[in-house]
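1. here are the coordinates; sequence isn't available:
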DNA sequence: TTTCATTATTATGTACTACAAATAAATTAA
DNA sequence: TTAATTTATTTGTAGTACATAATAATGAAA
């Protein structure tokens, strides 16, 4: 196999193995660094590098004196760093933009699965606020809140976290056109109406139409897709 | 703000800043560790920890003697580690399972946008192979290939990489029921037919029906959703 | 001169030690 | 009992030394 792993990377896995073997739960504390280093048979420097890697993935949190405690790994931890580093290439940016559109259209079934009064009320309130303002900036905020509420309503926590990341990303990278509100075919009211007494299938169609401006803008937002998506084989190897 | 960042984390950002300021391109080499440590005014240990963090995110690759070279950050690098660590909690697993369903239904528009003969031919070939076997394992492989081809056809490279990860994940965590093939309402043939001369809207509906077994199985695959998705505010802070 | 094997160089990888800093816990004072 | 202070402990940072591996340089043989 590929044994060109650095020691720190090997230790990283060993720690994960150690955690699962010992049956540690979330919130539990690991042995202190000196002990763990001895247990795993490496220097503290290497151990710390391994711990650092686990920390960036959200597996652990460390505090002085308190030690190393297990936390729920946050899938989007590294994701966030990359997004905020500004080094994301145009293609990846466009990819993410597309993914968001897919998700909003594809989440319909789960919205109906987790439909609750409180969410519908929230949406209703947002719509009412929208009808009371003409301020472009305010409308944008309300629009984000509307869609954000949908993500929350989907009952998918990971998805919600993901969406929050993308919101901040596209707020800077993909600003809206001035006329986005005017050109929308399907309004938020219509979407809410379907949510209340329609079907998932109808919602998908409506959402697709609602997002028409986003689809249209894609060409101008991400003009030069140079690499024509020649996807080479990178099947999931261990 | 939150200045409780460890020095290594600060240096991590400083390095990213340094890279962009110096105008380094992909493939370029960074100064060697000793120099960079001096430039940034920290010890080599801290620098190495920062570099390690960047390496896990895919920003850099390091090799003995050759040094540190810039690489394209892989969004799913950390993702992969978490998935393969086996420490992902049930809820997150279910979340990802759901996300995949959303994506397959929501990708319709992009399939029609990037429709090409070669993809349709690929799909056709897979279907023919399916019709020639009754082996359950073989059919599963072909099913994965069919859907994988769709992801590729979406023209979204990131999405395709993501899907490959999920494939390996759910192959172990969410095995199929014996009768999955029998109970499918919409066949691969039908999907292909719609791709050839249908609409995105029709494809969405068809795909939703095609995935009906997946939707049904979700309850049995992920029984105890303990935490009732009480999503606390974690808006995208910097 | 070309080719191959050997040696030297160099940058990363690992280890050890020492001390700084922060904070939970213990202790003392009010 | 409560608040302030000290103590002990654990992570965070730094410096140094050496191991290891990959490249570059050297030299011998064809």
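-> Done, it's in. These figures come from a predicted structure and were not determined experimentally.
2. drop to CA atoms for contacts and neighbour counts, all remaining ones
-> Will do.
3. need the contact list for the residue sitting nearest the centre point of chain A.
-> Compute the mean C-alpha point of chain A, and by CA atoms, centre = their mean the closest residue is residue A:162, 1.2 Å away. Residue A:162 makes contact with residue A:76 under the criterion CA atoms under 8 Å, 6 or more residues apart in numbering or on different chains.
4. Please, which helix or strand holds it?
-> Secondary-structure element containing residue A:162, defined by DSSP states H and E: helix A:157-173.
5. Follow the chain on from that helix and name the next helix or strand.
-> Sequence order places helix A:188-197 as the next helix or strand after helix A:157-173, per DSSP H and E.
6. What is the subsequent helix or strand relative to that following helix?
-> Taking DSSP H and E, what comes next after helix A:188-197 is helix A:200-210.
7. Any buried residues in the helix or strand of chain A with the lowest mean pLDDT, and which?
-> For chain A, using mean pLDDT, DSSP states H and E, the weakest element among its helices and strands is helix A:77-85, scoring a mean of 76. Of the residues in helix A:77-85, those buried by neighbour count under the rule 16 or more other CA atoms under 10 Å in any protein chain shown are A:77-83.
8. Export those as a markdown table, with columns for distance to residue B:124.
-> As requested, the buried residues of helix A:77-85 are exported to a markdown table (distance: CA to CA, whole Å):
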| residue | distance to residue B:124 |
| --- | --- |
| A:77 | 40 |
| A:78 | 38 |
| A:79 | 36 |
| A:80 | 39 |
| A:81 | 41 |
| A:82 | 38 |
| A:83 | 38 |
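9. ok, which stretches of chain A are helices?
-> Ranges of helices within chain A are A:7-22, A:33-40, A:44-56, A:77-85, A:90-106, A:108-113, A:117-131, A:136-153, A:157-173, A:188-197, A:200-210, A:212-221, based on DSSP state H.
10. right, and residue A:82 touches residue B:73 too?
-> Yes. Taking CA atoms under 8 Å as the contact criterion, residue A:82 and residue B:73 are neighbours in contact, 7.1 Å apart.
11. which residues are common contacts for the two?
-> Shared contacts of residue A:82 and residue B:73, defined by CA under 8 Å, 6+ apart, are found at A:88, B:57.
12. Out of the buried residues of helix A:77-85, give me the two with the largest separation.
-> Comparing all pairs in the buried residues of helix A:77-85 by CA to CA, the longest separation belongs to A:77 and A:83, at 10.1 Å.
13. wait, doesn't residue A:200 sit right on residue A:108?
-> Yes. Using CA under 8 Å as the test, residue A:200 is close enough to residue A:108 to be in contact (5.1 Å).
14. overlap in contacts of those two?
-> Residues touching both residue A:200 and residue A:108 do not exist when contact is defined as CA under 8 Å, 6+ apart.
15. What is the neighbour count of residue A:208?
-> Neighbourhood size, residue A:208 [other CA atoms under 10 Å in any protein chain shown]: 24.
16. go on, residue A:121?
-> Residues lying near residue A:121 (other CA under 10 Å) number 12.
17. quick one: average pLDDT of stretch A:28-44?
-> Taken as a whole, stretch A:28-44 carries a mean pLDDT of 92.
18. And that stretch, end to end?
-> The first and last residues of stretch A:28-44 sit 21 Å apart, counting by CA to CA, to the nearest Å.
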